[in-house]
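Participant: Generate a structure from the sequence data that follows.
(one chain, ligands or ions: 2)
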Amino acid sequence: MSTETLLAVDDLHVFYGASHVLHGVSLEAGTEPVAIVGRNGMGKTTLCKAVMGLVPARSGSIQVRGRAVTGLRPYQIARTGLGYVPQGRRVFPSLSVEEHLLLTARTRGRWTIERIYEIFPRLAERRSNGGGALSGGEQQMLAIARALLLNPSLLIMDEPTEGLAPVVVNQVTEILKAIRSEGVGLVLVEQNFAVATAVAERLLVMMNGTVALETTASALSRDEDLQRRYLGVSSHAH
Ligand SMILES: Nc1ncnc2c1ncn2[C@@H]1O[C@H](COP(=O)(O)OP(=O)(O)OP(=O)(O)O)[C@@H](O)[C@H]1O
Ligand SMILES: [Mg+2]
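Facilitator: Ligands and ions are numbered 1, 2, ... in the order given. Take a look at the predicted model:
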């Protein structure tokens, strides 16, 4: 049985001025995690932003649980249960970890600050540190924690391991697996092939503003030719 479709994007076109960046993207995501891979500039972030209502769709449709959200404001889209962790960590330098979490926390729902501190012991240790005094990995954990506190049914994450040291990449990967096992849907944009395939079996490859290939982690892992063609890298290159 397939899981419930939480997000359905159909034939989405997005422009920046005259520049046509998304050329008819279609995808579906449910509670089974899906990773979106693809080289730089292929439109991955633009897709995330369009889904969250941060850039307008020129045409096509975006549905959350069968309800059209195209044209809604970002806060309205967030309320339908879509969480978003944008590329690059946006934390406030002058707010402490705890203040960030308190600003976001809701009184109801599964994810509470206590649960966050259980899953992210590092954040518990750093709870009084200012955002500006956190390492890159800690900032990323805080960004993920904030998104979870809104109790999303589906979390869209844009390159959560970008720029992190290998040991921290592994920590974030474990956190993504923990979120997955909580039944939160994940759309993970990830150029780190090892992370993408560790978290999601379903893989979408974006190329030039479309989903050029839908495949599985096991199939792509076996096929170095395909990796070179679509990703420009091989998983053995690093
Ligand atoms: N605000 C913008 N205005 C104009 N063009 C943009 C804007 N943001 C992105 N682009 C262009 O749109 C294309 C897709 O960019 P996007 O950021 O979606 O790619 P990406 O796949 O997320 O890349 P990366 O892997 O480097 O994060 C690129 O050619 C980029 O230069
Ligand atoms: Mg991007």
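Participant: Residue in the chain with the shortest distance to ligand 2?
Facilitator: Closest contact between the chain and ligand 2, by C-beta to the ion, is at Thr45 (3.1 Å). Placement of C-beta: from N, CA and C, glycine included.
Participant: by contact count, what packs against the host helix or strand of that residue?
Facilitator: Following DSSP states H and E, one finds Thr45 within helix 44-51. Under the contact definition 3 or more C-beta pairs under 8 Å, 6 or more residues apart in numbering; DSSP states H and E, helix 44-51 sits against strand 7-16, strand 19-29, strand 154-158, strand 185-189.
Participant: relative to strand 19-29, how tilted is it?
Facilitator: 70 degrees (axes from the mean of the first three to the mean of the last three C-alpha atoms, to 10 degrees).
Participant: Are helix 44-51 and ligand 1 in contact anywhere?
Facilitator: Yes: among the residues of helix 44-51, 44-46 lie within reach of ligand 1 under C-beta under 6 Å from any ligand atom.
Participant: right, and the helix or strand after that helix?
Facilitator: Toward the C-terminus from helix 44-51 - assigned by DSSP H and E - lies strand 59-64.
Participant: Return the residues of the protein in contact with ligand 1.
Facilitator: So far as C-beta under 6 Å from any ligand atom goes, the chain lies against ligand 1 at 16, 19, 21, 38, 40-46, 87, 191.
Participant: quick one: which of the residues you listed has the most company?
Facilitator: Gly38 (25 neighbours; other C-beta atoms under 10 Å).
Participant: Could I get the pLDDT score of that residue?
Facilitator: Gly38 is assigned 93 on the pLDDT scale.
Participant: contacting residues for the nearest residue to it once chain neighbours are set aside?
Facilitator: In this structure, Gly38 finds its nearest non-sequential neighbour in Met206, 3.5 Å apart by C-beta to C-beta, 6 or more residues apart in numbering. Listed by C-beta atoms under 8 Å, 6 or more residues apart in numbering, the contact set of Met206 reads 25, 36-38, 42-44, 47, 212.
Participant: who touches Tyr230 in this structure?
Facilitator: 37-39, 205, 207, 212-213.
Participant: What are the buried residues along the lengthiest helix in the chain?
Facilitator: The single longest helix within the chain, with elements called by DSSP state H, is helix 166-181. Judged by neighbour count (16 or more other C-beta atoms under 10 Å), helix 166-181 contains these buried residues: 168-169, 171-173, 175-176, 179-180.
Participant: Just name whatever secondary elements that helix is in contact with.
Facilitator: For helix 166-181, the elements it packs on are helix 136-148, strand 185-189, helix 193-199, judged by 3+ C-beta pairs under 8 Å, 6+ apart.
Participant: List the contacts of the residue of the chain closest to ligand 2.
Facilitator: Neighbouring residues of Thr45 by C-beta under 8 Å, 6+ apart: 87, 158, 189.
Participant: repeat that for 7 Å
Facilitator: 87, 158 (C-beta atoms under 7 Å, 6 or more residues apart in numbering).
Participant: next one: Ala29
Facilitator: 6-7, 154, 185, 187.
Participant: now, which of the residues you listed sits nearest Glu118?
Facilitator: Glu118 lies nearest to Gly185 out of the contacts of Ala29, by C-beta to C-beta, at 21.2 Å.
Participant: Right, I'll call it a day here.
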